[in-house]
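A.B. asks: A structural model of the following input is requested.
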Amino acid sequence: IQLRTNHVPLQAFLERIGKADTATCPTCGSAPETVSHYLLACPTYTLHRAVHYRPLGFTGRNLKTLLNSKNAIPSLFGYINATGRLRAAFGALEIPDRDGSDSSSDAGD
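C.D. replies: As a prediction, the model looks like this:
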């Protein structure tokens with residue numbers, strides 16, 4: 001929900017609430033670090049997007065899909081974990097299985 005409402009500790013939000021001097025992305029320095037910039041445009045994370053968003057296909061690489069589709073959650077959480085950008089605030093996010101099964105249950109029990 002924080003990503004959807006832009007209430008996430010990225011520079012644009014931190015500047016808006018007076019916790020940062022600038023909204024500029026600290027990794028690329030080329031644009032305000034908004035949710036859209038972080039998830040879709042920051043050149044620093046191009047490789048991470050290519051790896052983690054691959055299962056979504058070309059049409060799934062947009063904010064609407066990333067922030068609203070249950071099927072996008074594993075890709076989104078994998079990307080967030082890989083970048084490490086939000087780890088200080090949220091720790092490592094538990095990535096759900098793509099098939100929706102519970103990975104914590106033991107087979108044969």
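A.B. asks: around Gln2, count how many other residues there are.
C.D. replies: Residues contacting Gln2 under the criterion other C-beta atoms under 10 Å number 14. From N, CA and C alone the C-beta is placed, and that goes for glycine too.
A.B. asks: typo on my end, it should be Ser30
C.D. replies: Quick note: Ser30 (other C-beta under 10 Å) scores 13 neighbours.
A.B. asks: Leu66 against Ala72, yeah?
C.D. replies: Yes. Using C-beta atoms under 8 Å, Leu66 is in contact with Ala72, at 5.1 Å.
A.B. asks: now do the shared contacts for these two.
C.D. replies: The contact sets of Leu66 and Ala72 overlap at 56, 60 (C-beta atoms under 8 Å, 6 or more residues apart in numbering).
A.B. asks: output the below-cut-off pLDDT ranges for this structure.
C.D. replies: The model of the chain has pLDDT under 70 over residues 1, 99-109.
A.B. asks: which residue is nearest the middle of it?
C.D. replies: For the chain, the residue nearest the mean C-alpha position is Ile80 (4.0 Å; C-alpha atoms, centre = their mean).
A.B. asks: for that one, give me its contacts.
C.D. replies: Ile80 touches 86, 90, 93, counting by C-beta under 8 Å, 6+ apart.
A.B. asks: that's a helix at it, yeah?
C.D. replies: Yes. Judged by DSSP: H, G, I helix; E, B strand; the rest coil, Ile80 forms part of a helix.
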